[in-house]
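# Would you be able to build a 3D model of this:
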Amino acid sequence: MAANLDLLPPGTTKLFRVDFDYYTPRPHFIVLGKSKQITWSSYDGQNSQFVEELMRVANKIRGNFGLRKPLLSVHRGSWLVPGKDDKFHAHICTDSDTYMRVFNDKKGLIPGWPSSRYVTKEWRASKNPSHYEENVRRYPYKEYFDDEIKQARRRLEAGNVRPWANPEGWTLFFHESAARVGFAPTGQQSREDLLIAMERFIREHATGSERMLGCHVCLALTAEACDGFPSPVFGYIQLSADDFCNGCPADYANGWLSRFEQEKLPTLT
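Residues are numbered from 1 along each chain as shown. This next block holds a predicted model:
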């Protein structure tokens, strides 16, 4: 459903372009490769030059559009199916008001907009091609929360948990009411180091019962720390409630799940 729009100024990068999310309307921009050679395999979370260029592009979008509390989000885990689709993409997330301000300013550049050819099964609020904003603002949908809570409760009732230890060079902090595990450096590590450390953590734990289903590696793009953690963190892994309960301290999980169910903080990354 790509419109081949590029929100970056000409000549910004040879690797990426940035577009709106048409397939699943949400308040984030999509970073896409300009060629078929820009793949998950070439990214792999350990290529420092690739990571640096990705972050430069994300910061360019942040600055050009005045994004509020922006996050760079890279989907990992079961979103990646070997042999199915190796095309790399990432998200630059912001709040709905800021996203729609940019969208409404630039939508005249989208070929043929509005049109039914952009509407997909993920337009759940309305299938009217003129109702993009309604879909953006109503995402995510209630059934996502209900399914997560059921799966997490089954895990806790079975006692099937394996709390994580701190990785070398980093301290883990668990969000008070969202399925997010934050990483705080024990030294002077950079944001690039943080992104690579979170990728390494996923690789070490995405096996067996620790599936890390649909997890997102999220990195703050400003000097403002991420909300909801007991200590300042500038990057976290967004998990399912099930995977969060598997890895957080056992005496924390039940109270956390009650807060998660009550507050229902949306996952917009």
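
# only C-alpha atoms for contact and neighbour calcs from this point on.
Noted.

# Which residue ranges make up each domain of this structure?
16-138, 142-263 (automatic domain parsing).

# now the lowest-mean-pLDDT helix or strand in the chain: how far from the chain's centre is it?
Taking mean pLDDT, DSSP states H and E as the measure, the helix or strand of the chain with the lowest value is helix 40-43, at a mean of 72. For helix 40-43, the distance between its averaged C-alpha position and the chain's averaged C-alpha position is 17 Å (Cα atoms, centre = their mean, to the nearest Å).

# what helices or strands is the helix or strand following that helix leaning on?
The first helix or strand that comes after helix 40-43 along the chain, using DSSP states H and E, is helix 48-65. Counting contacts by 3 or more Cα pairs under 8 Å, 6 or more residues apart in numbering; DSSP states H and E, the secondary-structure elements packed against helix 48-65 are helix 40-43, helix 191-205.

# May I see those organised as CSV, with mean neighbour count and distance to residue 223 added?
Below are the helices and strands packed on helix 48-65 laid out as CSV (neighbours: other Cα atoms under 10 Å; distance: least, Cα to Cα, whole Å):
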stretch, mean neighbour count, distance to residue 223
helix 40-43, 15, 25
helix 191-205, 18, 11
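
# In a markdown table: these, plus distance to residue 87.
Rendered in a markdown table, the data for the helices and strands packed on helix 48-65 read as follows (distance: least, Cα to Cα, whole Å):
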| stretch | distance to residue 87 |
| --- | --- |
| helix 40-43 | 6 |
| helix 191-205 | 18 |
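
# Which one of the ones you listed lies nearest to residue 232?
Distances from residue 232 to each of these were compared by Cα to Cα, and the smallest falls on helix 191-205, at 13.4 Å.

# Return the per-residue confidence for residue 208.
If you check residue 208, the pLDDT there is 47.

# what's the average pLDDT for the host helix or strand of residue 236?
Secondary structure assigned from DSSP H and E places residue 236 in strand 235-238. Rounded to a whole number, the mean pLDDT of strand 235-238 is 94.

# got it, and stretch 124-143?
Averaged across stretch 124-143, the pLDDT comes to 89.

# Repeat that for stretch 171-183.
For stretch 171-183, the per-residue pLDDT averages 95.

# Now tell me what touches it from outside.
165-166, 170, 184-186, 194, 198, 228-231, 233-241, 244, 248, 256-257, 259-260, 263-265 (Cα atoms under 8 Å, 6 or more residues apart in numbering).

# Which ones among those map onto helices?
Judged by DSSP state H, helices contain the following of those: 194, 198, 241, 244, 256, 257, 259, 260, 263.

# Give me the PyMOL select line for those, limited to the buried ones.
Only the buried members of the ones in helices among the contacts of stretch 171-183 enter the following PyMOL selection, criterion being 16 or more other Cα atoms under 10 Å:
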select buried, resi 194+198+241+244+256+257+260
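
# Touching stretch 19-27 from outside, list them.
When contacts are taken as Cα under 8 Å, 6+ apart, the neighbours of stretch 19-27 outside the stretch itself are 1-7, 28-32, 93-96, 99-100, 103, 118-120, 122-123, 132-133, 135-137, 139, 268.

# Done for today, thanks.
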